[in-house]
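Engineer: return atomic coordinates for the entry below.
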Amino acid sequence: MKPDIDLTAEEMLTIHKAIHFGQMSVTIEGTEYQISTYRNGCRYVDVKGIRFMEQDPNKSSVYAQMAREGVLITWGQRPGRWIYIETPVGSGESMLNADKLWKTNIRYPGGAQLAL
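Structural biologist: So this is what the prediction gives:
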């Protein structure tokens, strides 16, 4: 069951692409959101009360290892909620011109998952 998050899967994929492919901003429902960069080089954007950020590959977690191996990982966080967006190795190149991200998974709190 999808939790109360006011974004569609397609909107979250748009944010995911914008973060990982160097866009300066992302437009959701006619509102433009500026993408910023942390001091560690990771990109993030706040959309509708959710902070979406790319995985820091310099950490020691399994997710950081995956990012170092080429997996595109975006975390969405707000108090009491999280979202995990992952696109496997080798899918990124096809994403640049695609409307949907191939083989992308979105996971919500409580284990609900949406595979696209």
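Engineer: so, low pLDDT: which residues of this structure?
Structural biologist: Within the chain, the ranges that satisfy pLDDT under 70 run 1-4, 89-116.
Engineer: ok, 80 please
Structural biologist: Within the chain, the set of residues satisfying pLDDT under 80 comprises 1-5, 79-81, 88-116.
Engineer: and the helices in it, which stretches?
Structural biologist: Assigned by DSSP state H, the chain shows helices spanning 9-20, 62-68, 92-95.
Engineer: quick one: closest of those helices to V45.
Structural biologist: helix 9-20 (6.4 Å; Cβ to Cβ). Placement of C-beta: from N, CA and C, glycine included.
Engineer: relative to D56, which of the helices of the chain is closest?
Structural biologist: helix 62-68 (6.2 Å).
Engineer: one step back: what's the closest of the helices of the chain to R81?
Structural biologist: Evaluated with Cβ to Cβ, the helices of the chain place helix 9-20 nearest to R81, the distance being 12.6 Å.
Engineer: okay, the helices of the chain in TSV with mean neighbour count and distance to D56 next?
Structural biologist: Output for those, formatted as TSV (neighbours: other Cβ atoms under 10 Å; distance: least, Cβ to Cβ, whole Å):
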stretch	mean neighbour count	distance to D56
helix 9-20	21	13
helix 62-68	14	6
helix 92-95	15	18
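Engineer: quick one: the ones you listed as CSV, columns for distance to E32 too.
Structural biologist: Formatted as CSV, those follow (distance: least, Cβ to Cβ, whole Å):
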stretch, distance to E32
helix 9-20, 11
helix 62-68, 27
helix 92-95, 21
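Engineer: among those, which comes closest to R43?
Structural biologist: With Cβ to Cβ as the criterion, R43 lies closest to helix 9-20 of the helices of the chain, at 4.9 Å.
Engineer: packing partners of that closest one?
Structural biologist: Using 3 or more Cβ pairs under 8 Å, 6 or more residues apart in numbering; DSSP states H and E, the elements in contact with helix 9-20 are strand 25-28, strand 43-47, strand 50-54, strand 72-78, strand 81-87, strand 105-107.
Engineer: redo those as a markdown table? Include mean neighbour count and distance to V62.
Structural biologist: Listed next are the helices and strands packed on helix 9-20 as a markdown table, based on neighbours: other Cβ under 10 Å; distance: least, Cβ to Cβ, whole Å:
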| stretch | mean neighbour count | distance to V62 |
| --- | --- | --- |
| strand 25-28 | 15 | 27 |
| strand 43-47 | 18 | 21 |
| strand 50-54 | 19 | 16 |
| strand 72-78 | 20 | 10 |
| strand 81-87 | 20 | 12 |
| strand 105-107 | 17 | 14 |
